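Engineer: Task: produce atomic coordinates for the following.
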Amino acid sequence: MNHLKTFILAVCCIGFAACGSDEDEPQTPPEDPQPEITVTTGAVGDRTDTSAEVSGTIDGVSAETGDYTYGICYGTAKNPEAGKGNAALTAGTGIEEGRFNVTLSNLSPFTYYYFRAYYEKNGTYIYGNSKSFRTRPGDDGNDEPTATSTGYVDLGDEIKVFWASYNVGAANRKAEESGGLYGWGDASGTHHQQPADPHTDGAYEPNAALCYSYYGGKEPLKNICGNRSFDIATQKMGEGWRLPSAQELNELRNTCLWKPVTYNGMKGTLVIGPNGNKIFLPHAGLRYGERMFKPEERAAYWSGTLAEKSEYDINGILYPHACAIAWNLGELPLAADEENGVYRYMGMSVRAVRNK
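Structural biologist: Residues are numbered from 1 along each chain as shown. This is a model prediction of the structure:
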């Protein structure tokens with residue numbers, strides 16, 4: 001009897017469980033999780049007095065994301081936000097693998113701007129991290145370098161040194177004279193030797209150690225600025241004059257407005273400082289041994305700073321490079337790279353500086 005009760009109770013429990021099941025009711029499948037959108041603000045590219053190139057990256061979008069917009073939000077206040085303060089939006093175009101570029105235009109000269117990338121959908125914004133840049137000084141349209149009786153020009157408080165108004169080796173001390181093309185560390189200014197190099201022509205010195213002894217030595221000083229034994233500017237222009245450091249060259253590059261001009265028949269770049277004063281840098285090209293390379297088209301100017309990188313010559317001897325800036329007419333110079341640098345035996349222009 002007890003066994004029968006147990007059996008009946010078990011059957012009833014099964015029946016009630018079946019009655020309470022929603023197995024026959026339609027099921028709502030779980031929604032596919034939406035990918036997380038991440039926005040990253042990119043680096044600042046070339047800048048002028050009224051424009052700047054910036055970039056951004058958006059990760060997590062796909063064909064299923066639907067309609068959305070993206071670009072750069074910017075303004076003169078920190079952390080710019082759409083619809084607030086003086087913030088403006090410039091939409092991005094041509095996104096590729098999540099990355100896009102934007103040119104910000106109609107900016108004010110020598111002004112700090114803050115910017116960040118954005119993603120927008122249905123009025124909701126996701127922002128990247130905030131970054132800043134400063135536009136370059138304004139251009140008054142006068143392409144004359146600043147006249148001076150001292151031989152140097154003050155380009156403004158933001159530029160920490162006085163810059164000479166003419167190149168080392170300019171016979172008449174005129175801005176449009178190209179001056180000499182010198183190897184790094186050659187205070188005599190007479191050496192054109194280069195080690196044997198299958199890629200270039202020139203006056204070869206088969207003894208590489210002897211060759212590099214003309215350009216600061218096999219183990220040169222890290223800084224030859226103002227050292228009369230190695231600094232062509234100090235040697236030729238006198239005490240107080242010296243090669244700029246890599247940092248001072250980059251300060252000139254990053255702060256001033258660089259404008260291609262032809263001055264008194266010489267092609268070059270007018271460098272306009274924050275205070276409106278100007279110097280003219282002739283495009284004298286480069287020299288490999290005795291061979292000239294792109295005169296009036298390319299410019300290259302030495303610093304007195306040794307680079308960290310060394311490179312083996314074809315004889316297996318290791319020699320360090322030195323820092324310089326170089327650029328083609330109409331372009332912004334490549335920065336003086338303290339990690340890599342260039343061959344010390346290359347002939348380049350020199351523009352001297354003085355301490356303020």
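Engineer: if I look at the nearest residue to P109 once chain neighbours are set aside, how far off is G179?
Structural biologist: Ranked by C-beta to C-beta, 6 or more residues apart in numbering and with sequence neighbours excluded, the top spatial neighbour of P109 is G138, at 3.5 Å. C-betas here are computed from N, CA, C, even on glycine. Distance of G138 to G179, given as C-beta to C-beta, to the nearest Å: 29 Å.
Engineer: more neighbours, the two?
Structural biologist: G179 (20 against 17; other C-beta atoms under 10 Å).
Engineer: The more buried one contacts A170, doesn't it?
Structural biologist: Yes - taking C-beta atoms under 8 Å as the definition, G179 is a contact partner of A170 at 4.4 Å.
Engineer: for the protein, what are the low-confidence residue spans?
Structural biologist: Across the chain, the ranges flagged by pLDDT under 70 are 1-35, 63-65, 196-203, 312-317.
Engineer: Try it again at 90.
Structural biologist: Scanning the chain for pLDDT under 90 picks out the ranges 1-36, 60-68, 85, 92-98, 193-212, 217-219, 288-293, 295-296, 309-319.
Engineer: the helices in the chain, which residues?
Structural biologist: 2-19, 208-213, 232-237, 246-255 (DSSP state H).
Engineer: coming back round to it: the residue nearest to P109 contacts T48, doesn't it?
Structural biologist: No - when contacts are counted by C-beta under 8 Å, G138 is not listed as touching T48 (9.9 Å).
Engineer: Now for these two: what residues contact both?
Structural biologist: Overlap of the contact sets of G138 and T48 (by C-beta atoms under 8 Å, 6 or more residues apart in numbering) consists of L257.
Engineer: Now do F133 against N264, distance only.
Structural biologist: Counting by C-beta to C-beta - F133 and N264 are separated by 34 Å.
Engineer: out of those two, which sits in the more crowded spot?
Structural biologist: Between F133 and N264, counting by other C-beta under 10 Å, F133 is the more crowded of the two (21 against 13).
Engineer: Check the spacing between the spatially closest residue to A117 that is not a sequence neighbour and S132 real quick.
Structural biologist: In this structure, A117 finds its nearest non-sequential neighbour in G56, 2.8 Å apart by C-beta to C-beta, 6+ apart. Distance of G56 to S132, given as C-beta to C-beta: 15 Å.
Engineer: Between these two, which has more neighbouring residues?
Structural biologist: Set G56 next to S132 and count neighbours by other C-beta under 10 Å: G56 wins out with 27 against 13.
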